[in-house]
Structure formats: C-alpha cells, structure tokens
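pasted the sequence and its predicted model underneath.
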Amino acid sequence: MAVDKVVEIPVSLEVPIGPQHPALHEPVMLKVYAEGEEVVKVEVNTGYNHRGVEKLTEKNSFYRNIFIVSRVCGICNIVHSDVYVRAVEQVMNIEPPRRAKYLRVLAMELERIHSHMIINAIMAEVLGYDTLFMYIMRDREKVMKAKEILTGNRVLGDYLMVGGVRRDLSEVDRERIKDVLVKLEPEVRKYVRVFEEDETIGKRLRGVGVVKPRDVTLHGLVGPTARGSGINIDARREGYDAYNEVPFNIIVRGDMDSWSRMMVRWHETIESINMCKYVLENLPSDGPAVPDETKLSRKFPVGEAFARVEAPRGELTYYVMSDGRQNPFRVKIRTPSFNNIINSGFSYIGYTIADVPVILTSYDPCISCMERAIVTDLRRGERKYIRFKDLSMGLK
Amino acid sequence: MEALSELLKEYALTTYSMKPNRLVIEIPRERVKDALKAIKEKYGDTGIYVSTIVGTDFPDKKQVRLDYYLVTHPDDNVYVLRTWLPREDPRVDSILDLFPGALSGECETHDLLGVVFEGNPFIKRGFFVPTDITSKGVFPLRKDSGV
C-alpha cells in the first residue's frame, strides 16, 4: 500500500498538577502541557476555594468586617486587617497613636518572618529536604510563640481595631519577645547559608523560573517575586503606620530566578528581625494603644479610601467605600497571589515538569487569599498541538 | 503627581484626590485605552504597572464605575483612572495588549459585575462564579443580584 500521507505528531501531554497533589499544599490546579519533559503551556485553574468575601463585607458592618477580612488568609491575617482598618480610619478621619502604630508594625513584621520561613520550609520539602523542612518549622514555631505573646493567638491574631490595637504590650512581654528574636536570628542565618551554599538547592533553584524585569511590571507581579527580578517595589515605602519611623532596607536581587526569590525572602526575614528589635527598643508611650471601644463612632461619613500594605507575598490593596450607612458600599480586595499566580503562567514555559512545583512555590502561592478565578493564561501566538485524544477522532 | 495629570489633560473630564493622597482622573470610557497608551509610552514597560481594577455598581445612577489603579516604579505613586459605564451596556476596550497584567482584573470584573472588556478573548462567565449563580444570569456584585 502506497503511503500518501505523513503525519508528524508533536507529542504533547496534558499533565494535571492539583488541585490535590503531593507537591501542592493548597487547592490550585496547574494544567501543564508538556512535550516530553518540556513544558509548552500552563493553564492556571483556581476557584476551588471561593468564599465571596467581598460580597460578605457589603452585608456586614464596618466593625464586624475587621474579623471577616482577617479570615481571608490564615498566614497573613494581620496585614489584611491592618490594611482594611487603615482604609476605614481614613474614611472616618481617625489617627491612631504612635504606640499603636509601632505595635502594628511589630505584629506585621512577626507575620512576615513566619510567612517567609514557612515558604522556605515548603521549598525545602519540595526539593526533597524533609529534615530541613522540620528544622525550619521548628524555629518558625518560636515566632508563632512571639505572636501569641503579642496578640494572644498563635495564628489568627485579630489584633487590629479602628484607632489602635486590641492588646497593649507589657514590659515583661516585651523582653520575652526580644528573647525569642535574639535566639531566632542565628538560626535564620544558618538557613541562609544552607540556601546559599548547598549544591543541590542551587542546582534545583538557580536559573529556574527566570522572570525578566519587563515581565514583572507588564504582568503586574508584586512582592519578593518582583524584588527577586530587580524591580524595587515595596508598599512600605509609603510610610504607613510606623514605617516612616522604623528604619529598614528593601531587599532587591537581580538573579531573576527561583533562588533569587527565596533569597530575597531570607534576607527580608533578617531585616524584619531587626525591625522588630527596633520597635521593641523604641516603643513610644504617647497614648493608649488600645482605644475605648465604647467611644468609637457608630456613624460613618460618606467617603472612599484606597489603602496598600506590603504583605509577605507582596502588595495587598483594599478599596473601601462608604455611602454613610453602617455597612460599606463596596470593599475590593486584591491580594498579591491574585496577580502573582494567575498572571505568571508564562514563566513555566521551557522548563521541565519537575521544575513546575519549584517555580510555583517560589511565587509563594496563597490560594485562600486568591480564591477567585478560573483563568486561562495562554501563550500569545501559540502553536496548535494535536492531542492524542483529538487524534483518535480521526484525521481530516 | 502633576506630571501625570498634565499628560492626561486632554483626556480628563475632572481631577480630584482620594484618601490617602491618590490622584483620581476621570476619563470618558471611549478614551480609556488611549489614555493608558499615553501613560505607557511615557513610563515604558518597567515604569508602571496595573495594580488592580475595581468595578462598582451604582443602580441609582444606572451606571457601573470602573477604576484602574496604577502604581509607578520605583517611586510607588498610585494613580486612579476612573470611568463610568452605562449599567445596561457596560462595555469598555480591553487593555490586555498594553498591560497583560490586567488579565486577572478584567476576567474577575467581567464575571462578578458583567463589564465587557472588548478585545479580551479570555473573559467568560463561570470563570469563578459557580454554575448555580451563572445559570441564573446574574452578576453577584450587582446590588440587585439577590446573591
């Protein structure tokens, strides 16, 4: 029989990673299309954890919403309540005392330390270093203890309130937190050395998931992901709360790869430890950090505010609008993972399937934060691949 | 801050500020894309990014308000481009070709509020709103959706 047709089949496999997968800790699905081992396309599918928080805030009062928004994310709950509370304070024209602002910074920086430690621990686990994961998590627990001393809770602090914070810090507790930080710092420096010098970690992370500075701004990537690619954006530069008084350095690295992003987080951890120490040593006593709740206004003026905070994962924004009633007219939450995960589908292309969890982890995904869309991020000018499934339907 | 209001002078209907210190520039909907194009030409690829897109429903005014929040790099200034769309026909040009980072915001605003971003091939219902809501043909963040 004469051959009249030659079919060239590009071998393209569809590999679903998630929403339940050993390499992932949260419900997200990466639909990876691979030619052999090489990734040619990634679709990011989310929506497995949608809770309709924005709608919920419209149905609850301004004060009750403080507790709702802090439940958007388990890890970075204090930054959520901080940015919401600041937006409400701006609508209500309230200025908290400096002592409360310093305590807010302390709570948020403790949160940044444990958030950066958990994602570095997860990265160690993804790379196969389970023991390193255990060690980092053991030391992270010390920070959780410090957070408990400050806020009363290990995880969900519920620390913020309009006009200040919910608990003041005693002299004894101040020393206890300082003691935790002093013990933590050498441990963190040890892990920085491990990530810098270990050959296997270097081989798995360096040169993997390169994001060019141009792609960072075009795709709206924020936080350590942007700073790991040399883009110096940090919402703390606005000087909200006490960030205009507490000295700190913005860590920027130019390697642009997964390793660069993890190292930005490690060095930010050290920077945050120093900031916490500064706050503990220079805590002002200008007024009561805890306002009298009974005297808070129950009337809300008409107005709107757009507040930003530098969450551990990047810029987190809240838009709050009041039409003069007890409930907000509109609350819009834009979390860093919403940009970093949905818009980063392009960055997996050209790497291997084994690199996909590494690259995803390097963006520090927080799915409960994102909790939004099933989004397809397609490569522009994409080639058409015939899948085996389509092939079985017969050639035309 | 003055530089951008000067740049958008020919597009702006009105200019005012939002707390805390955000410059808001209102633009007619048919000129949104032109204005963003002018901004991108001035700031370049790495000089500015779209932080978020906020849509708000105003049933009394029979309008939907659309805000584009832009952040400059490296000085971290926030600008707001605001436009109003008729509630019955909320159409606006997509800015995906200028700022690919607007993908998540445009898709979300379409699914929640029904704003149609013309030229964005990825917008669709059910992007994250569950099918029991989409099958009713309502947009959850519209005030009269009943969700």
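Cool, got the structure.

got phi/psi on the closest residue in space to residue A:53 that isn't next to it in sequence?
Spatial nearest neighbour of residue A:53, chain neighbours left out: residue A:72 (5.6 Å); criterion: C-beta to C-beta, 6 or more residues apart in numbering or on different chains. Using the backbone N, CA and C atoms, a C-beta is placed for each residue, glycine as well. Phi and psi for residue A:72, reported as degrees, to the nearest 10, are phi -60, psi -40.

tell me where the model's unsure across the stretch 201-350 of chain A.
Counting by pLDDT under 70, the stretch 201-350 of chain A contains no low-confidence range.

can you pull the residues of it lying near chain B?
Residues of the stretch 201-350 of chain A lying close to chain B (C-beta under 8 Å from any C-beta of the partner chain) are A:213-214, A:216-222, A:231-235, A:237-238, A:303-308, A:315, A:317, A:319, A:321, A:329-330, A:332, A:334, A:338-339, A:342-343.

and stretch A:208-224, end to end?
16 Å (C-alpha to C-alpha, to the nearest Å).

buried set for that stretch?
For stretch A:208-224, a neighbour-count test (16 or more other C-beta atoms under 10 Å in any protein chain shown) marks A:208-211, A:213, A:215-224 as buried.

now intersect the residues you listed with the strands, please.
Secondary structure from DSSP state E places none of the buried residues of stretch A:208-224 in strands.

grab the nearest non-local neighbour of the residue in chain A positioned nearest to chain B.
Residue nearest to chain B within chain A: residue A:220 (2.7 Å; C-beta to the nearest C-beta). Excluding the flanking residues, the one nearest residue A:220 by C-beta to C-beta, 6+ apart is residue B:101, at 2.7 Å.

what sits against that neighbour?
A:217-221, A:339, A:343, B:49-50 (C-beta atoms under 8 Å, 6 or more residues apart in numbering or on different chains).

adding distance to residue A:191, write those residues out as a markdown table.
Compiled in a markdown table, these are given as follows (distance: C-beta to C-beta, whole Å):
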| residue | distance to residue A:191 |
| --- | --- |
| A:217 | 30 |
| A:218 | 33 |
| A:219 | 30 |
| A:220 | 30 |
| A:221 | 25 |
| A:339 | 28 |
| A:343 | 29 |
| B:49 | 31 |
| B:50 | 35 |
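
circling back to that earlier point, how many residues are close by the residue nearest to residue A:53?
Around residue A:72 there are 24 other residues, counting by other C-beta atoms under 10 Å in any protein chain shown.

wait, a helix at the residue nearest to residue A:220?
Yes. Under DSSP: H, G, I helix; E, B strand; the rest coil, residue B:101 sits within a helix.

what residues does the helix or strand of chain B with the lowest mean pLDDT touch?
Within chain B, no helix or strand scores below helix B:2-7, which has a mean of 78 by mean pLDDT, DSSP states H and E. By C-beta under 8 Å, 6+ apart, the residues outside helix B:2-7 that reach it are B:12, B:15, B:23, B:25, B:38-39, B:42, B:79.

report the buried members of the residues you listed.
B:12, B:23, B:25, B:38-39, B:79.

helices - which of the residues you listed land there?
B:38-39 (DSSP state H).

kindly reformat the buried ones among the contacts of helix B:2-7 as CSV containing distance to chain A and pLDDT.
Shown next, in CSV, are the buried ones among the contacts of helix B:2-7 (distance: C-beta to the nearest C-beta, whole Å; pLDDT from 0 to 100):
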residue, distance to chain A, pLDDT
B:12, 19, 87
B:23, 11, 92
B:25, 14, 95
B:38, 17, 94
B:39, 12, 93
B:79, 11, 94
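
how about the buried ones among the contacts of helix B:2-7, which pair is most distant?
By the measure C-beta to C-beta, B:23 and B:38 form the most distant pair in these, at 15.4 Å.

hang on, the earlier thing: run the chain-centre distance for the least confident helix or strand of chain B.
Distance of helix B:2-7 from the chain centroid (C-alpha atoms, centre = their mean, to the nearest Å) equals 19 Å.

how about the helices of the chain, start to end?
All of this refers to chain A. A:53-58, A:62-69, A:77-92, A:98-126, A:130-151, A:171-197, A:199-205, A:213-218, A:224-227, A:258-281, A:336-342, A:355-362, A:367-370, A:388-391.

wait, I meant chain B there
Counting by DSSP H, the helices of chain B are B:2-7, B:32-43, B:103-113, B:131-134.

and these, which one's lowest on average pLDDT?
Within the helices of chain B, confidence is poorest for helix B:2-7, with a mean of 78 (mean pLDDT).

next, the buried residues of that one.
Those would be B:4, B:7, for helix B:2-7 by 16+ other C-beta under 10 Å.

alpha carbons of that helix, as CSV, please.
Taking Å, rounded to 0.1, in the frame of the first residue of the first chain, the C-alpha atoms of helix B:2-7 are listed here in CSV:
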residue,chain,number,x,y,z
GLU,B,2,1.4,66.8,38.5
ALA,B,3,3.2,65.2,35.6
LEU,B,4,0.5,62.6,35.0
SER,B,5,-2.4,65.0,35.3
GLU,B,6,-0.6,67.2,32.8
LEU,B,7,-0.1,64.2,30.5
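
out of the residues of the stretch 201-350 of chain A next to chain B, which are buried?
Buried among those (16+ other C-beta under 10 Å): A:213, A:216-222, A:231, A:233-235, A:237-238, A:303-308, A:315, A:317, A:319, A:321, A:329-330, A:332, A:334, A:338-339, A:342-343.

and the pLDDT at the residue in chain B positioned nearest to chain A?
Distance from chain A to each residue of chain B (C-beta to the nearest C-beta) is smallest for residue B:101, at 2.7 Å. We note a pLDDT of 91 for residue B:101 in this prediction.

quick one on the thing from earlier: and the furthest pair within the contacts of helix B:2-7?
Farthest apart among the contacts of helix B:2-7 - using C-beta to C-beta - are B:15 and B:42, which lie 16.9 Å from each other.

what count of nearby residues applies to residue A:295?
Residue A:295 has 7 nearby residues by other C-beta under 10 Å.

re earlier: so how far is residue B:126 from the residue of chain B closest to chain A?
Distance of residue B:101 to residue B:126, given as C-beta to C-beta, to the nearest Å: 23 Å.

cool, residue A:173 as well?
Counting by C-beta to C-beta, the gap from residue A:173 to residue B:126 is 50 Å.

and if you look at residue A:304?
30 Å.

once you drop chain neighbours, what's closest to the residue sitting nearest the centre point of chain A?
Closest to where the C-alpha atoms of chain A average out (C-alpha atoms, centre = their mean) is residue A:313, at 2.5 Å. Sequence neighbours aside, residue A:336 is the residue nearest to residue A:313 in space, at 4.0 Å (criterion: C-beta to C-beta, 6+ apart).

the one you found: neighbouring residues, count only.
For residue A:336, the count of nearby residues is 32 (other C-beta under 10 Å).
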